[in-house]
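# please work out how this folds:
(3 chains)
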Amino acid sequence: MEKSSTKRKKNTGKSKFQSVDIIRDNQPLKFRQNSDKNDEHPNPQIQDDEVDWEEGCIPSSSCSNNNNVNQNNGVTIEFDALPESPKKKRIRRATAEDKEFAELVHKVHLLCLIARGRLIDVACDDPLIQASLLSLLPPHLLKLSEVGKLTANALTPLVSWFHQNFKVRSPSSAEKPFQSALAYALEAQGGTPEEVAALSVSLFRALNLTTRFVSVLDVSSLKPEVDENEQSYNASSRERKDIFNSSTLMVSKMSTGTKSSASHGNIHGTFVTSVSEAKHGCLPTNIEVKDSLASTQLIKPDLSANETQNASEEDKCPRKKGDLEFEMQLQMAMSATALVAPGRRSEASTSGSPTSPLASLSPFKRIKRITEESPSSSHAISTAIGSRKVGAPLHWAEVYCCGENMTGKWVHIDAINSIVDGELKVEAAVTACKKSLSYVVAFAGHGAKDVTRRYCEKWYKISPKRIYLEWWDAVLAPLKKLESRATGGMVPVHHKDMKSTDLVDSRSSLEDMELATRALTEPLPTNQQAYRTHPLYAMEKWLTKYQTLHPRGPVLGFCSGHTVYPRTCVQILHTKERWLREGLQVKESELPAKVVKSSTKNRRGQTIEVEDFCEGGSDEVSLFGKWQTEPLCLPPAVNGIVPKNERGQVDVWSEKCLPPGTVHLRFPRLVPVVKRLGINFAPAMVGFEFRNGRSIPVYEGIVVCTEFKETVLEAYAEEEQRREEEERKREERQALSRWYQLLSSMVVRQRLNNTYLNNVESKTVTDPLKTRNKSSRAASAYVNESTVPHRDNVHGTKIHDSDKIHSQNHEHVFLTDDENFDEDSMTRTKRCSCGVSVQVEEL
DNA sequence: ATGGTGCACTAACCTTTGCATAGC
DNA sequence: GGCTATGCTTTGGTTAGTGCACCA
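Got it, this is the predicted structure:
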């Protein structure tokens, strides 16, 4: 980060630098002119910076022809840019940390949405729900389950019937288990788009049709939010988005009534849109509370009475865009029923936060904008005024139709909008609603499968918004198996000349092939920029320094006069040395695929630059492609000698880089061992470490001939054992030495106490009892419990117990006769006639 | 209003093979 | 005098991504 910050300083935009300088130049100049007689400045910082601003350049010409003239002193300052230029707002870019966090949130959100999808899938299998649905079905539609070769057309009447009988409605109550919610939706013959879609899946499954529940995972962005100011904006907009998140395409026959239509799409939560519900207190979440408050306030005729208070509250806590939009829509609804006078409407509409872009628009304009934003695809799509719902189709079903194509086909069925086989319309509708088709996942049999490819034509736009493939594949792998097991029946492939039993494949793998084919047949983008990172196509214009086209063809087309090649033709180029790291070497006869200017020239300093110049400009680097390389063929070890490079070492980037007949031993302190054994070796360089602005090679272990491996390892083990033993002994010696120092110092201290403290205390009157008790406890503890190592045999050891001396004037005397010696622990116990004992460890 | 283009800016990545001095 | 440890100082080119102005 230090690096970045320094760099940022260096690279800071011109205007930023100027603005700082201008302020500096401006202030000190004024100050200087005015302070000729006054050397003290209130701000010492400015004085400190005097040298800096003196260095600032004031164009000589500025004195004559300039607009900014200081009339008092005649000094003219030319401003290159206005200090408060509105153009230069500071942009906070996303850091690596932000990106990592966004990625984590994205992953977790994906997992949650997958879990949600699985729950719905399980609920769709509920036999009670299925039976109930069947009981509602007209008899003629029941025959559908008997159709041998199902086609999309055959499903149309069923979908129409479902569409007529099940409507999208606002959620009826607080959050409850999805299964219960589904049962409730079935009973009410309507529910959230998610529930209605799930009911359709359940119905299809009840009819023995192989069906999946398909859901667009409307996941949080993989890219972090950027500008700080923007962050707060985005936060609110996200909240708003969450509220609207679950929206789905609205059909013209939207059920109406006392409840305005809304949905709660996914895990983000539910909300209450109807005024009556809000008033009656069905408020399961905080959002609902806010909504209800807002709506209640709007309904009250005496709106202006509360205006001041509301305004002050809004100042503290500005309302969200979602709330504003809701208010606006409510007003629209109420204006239709003449509940609120038009004049008041406009009043209320202006009461919103001025920060909201929508707030500045009239309600009609806002409605118009929303209506315009809504999809206008071929099928009937409408936005109900006052409904809070504008959105993309996020849930539908896929039914496997054996009668479609040669091998059968998964057919898209959006029962909510009564669309059959409309997979190509999905992307347009979703894009029109500003949603992304990043992940379309089909759920069946407790499993899941990514079917995004079926619904998305412009994969290159979707791809960067998705998590990296390895993670996503790993997550889906077990679920894909479950899904495949549930839906992937054996499919007869119909050929005239073959029996159907000869060629069978699972539906799942056939579908995989279908999706893979789609991936390879994406249409060419019409804009050049798309070719920069397009996974399938490439344009020479966008190749990087270390890339080339090989082979140069086939030409797939043209875009703005530029030739389009397959991405597979783009090859990465490396220097010879760089290929060695990959365990490859450039073939002898190969000419460089590309010659580029060396980027390391300037780094070495001017000396080398001059040398290069004298040599005729050898600052060019030859690059080679992989097709010009062959597996690395290093000279083998001969007669126990390790082949080394020009630096006398072996670069061990990987095992491939080891010369044949050698082995890399990654242990420390091996060099003295092999030197002692007289075995030839080479230090193993395993990489670089960037430190202090330089690359420092990192060495780890050595490379020796394979035949010496065992010898070296044995010797190394012995050496290590010896070293450890020595280390242990050294530590013991150190410990003893420290103990001896400690005890010596204690004895000296004691002796000093005896000599000097005694005299002092005899003169000082203290509380004798207190002192004695305190110190005697400490002293006896020390004497009795101490186990002390001793350098020599101790004869007639004396320990002066100051406490006892204080009280009894007693000096311990340890007679040799009273001591005993324990040979096991090498401990000698000495006793004084007063009962005090001392244990002495002898060496 | 929208989308394409070109330019500018910037974070992150990639590159990559000490030196002088003090202390033992 | 030779060896070892320590501190010094802290790159710059390339690329991908993004923002912005301009234009069709």
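# which parts of the stretch 101-250 of chain A are helices?
Secondary structure of the stretch 101-250 of chain A by DSSP state H, counting those that start in this stretch: the helices cover A:127-136, A:139-142, A:152-165, A:178-188, A:193-206, A:228-245.
# quick one: secondary structure of A:V663?
Under the three-state scheme (DSSP: H, G, I helix; E, B strand; the rest coil), A:V663 adopts strand.
# ok, now the one 5 residues further on?
Counting by three-state DSSP, the backbone at A:P668 sits in coil.
# which ones are touching it?
A:G701 (Cβ atoms under 8 Å, 6 or more residues apart in numbering). Yep, even glycine has a C-beta here, placed from its N, CA and C like the rest.
# next up, phi/psi of the residue of the stretch 551-700 of chain A found nearest DNA strand B, please.
For the stretch 551-700 of chain A and DNA strand B, the shortest gap (Cβ to the nearest atom of the strand) falls at A:S695, measuring 2.9 Å. Main-chain torsions, A:S695, degrees, to the nearest 10: phi -90, psi 120.
# hang on, it packs against A:M685?
No: if you go by Cβ atoms under 8 Å, A:S695 and A:M685 don't touch, sitting 11.3 Å apart.
# please say which of those two ends up with more neighbours.
Per other Cβ atoms under 10 Å, whichever of A:S695 and A:M685 has more neighbours is A:M685, with 19 against 12.
# tell me how many other residues surround A:Q547.
Around A:Q547 sit 17 other residues, with neighbours defined as other Cβ under 10 Å.
# show me the contacts for it.
A:V570, A:Q571, A:I572, A:L573.
# any buried residues in stretch A:557-564, and which?
By 16 or more other Cβ atoms under 10 Å, the buried positions in stretch A:557-564 come out as A:C559, A:T563, A:V564.
# show me what the helix or strand that contains the second one packs onto, helices and strands only.
This points to A:T563. With elements taken from DSSP states H and E, the one containing A:T563 is strand A:562-566. Secondary-structure packing of strand A:562-566 (3 or more Cβ pairs under 8 Å, 6 or more residues apart in numbering; DSSP states H and E): strand A:537-539.
# I'd like the average pLDDT over the strand it packs on.
Averaged across strand A:537-539, the pLDDT comes to 85.
# now the phi/psi pair for A:E404, please.
phi -90, psi 140.
# ditto for the one 3 residues further on
Backbone dihedrals for A:T407, given as degrees, to the nearest 10, come out at phi -110, psi 10.
# that one touches A:S508, doesn't it?
No: using Cβ under 8 Å, A:T407 is not in contact with A:S508, being 12.0 Å away.
# ok, A:W653 - contacts?
By Cβ under 8 Å, 6+ apart, A:W653 lies in contact with A:L580, A:R581, A:E582, A:G583, A:V686, A:G687.
# among these, which are in helices?
Members of these lying in helices (criterion: DSSP state H): A:L580, A:R581.
# save the contacts of A:W653 as JSON lines, and put in distance to DNA strand C and pLDDT too.
Converted to JSON lines, those look like this (distance: Cβ to the nearest atom of the strand, whole Å; pLDDT from 0 to 100):
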{"residue": "A:L580", "distance to DNA strand C": "20", "pLDDT": "84"}
{"residue": "A:R581", "distance to DNA strand C": "17", "pLDDT": "84"}
{"residue": "A:E582", "distance to DNA strand C": "18", "pLDDT": "84"}
{"residue": "A:G583", "distance to DNA strand C": "23", "pLDDT": "85"}
{"residue": "A:V686", "distance to DNA strand C": "19", "pLDDT": "84"}
{"residue": "A:G687", "distance to DNA strand C": "14", "pLDDT": "82"}
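# much appreciated, bye for now.
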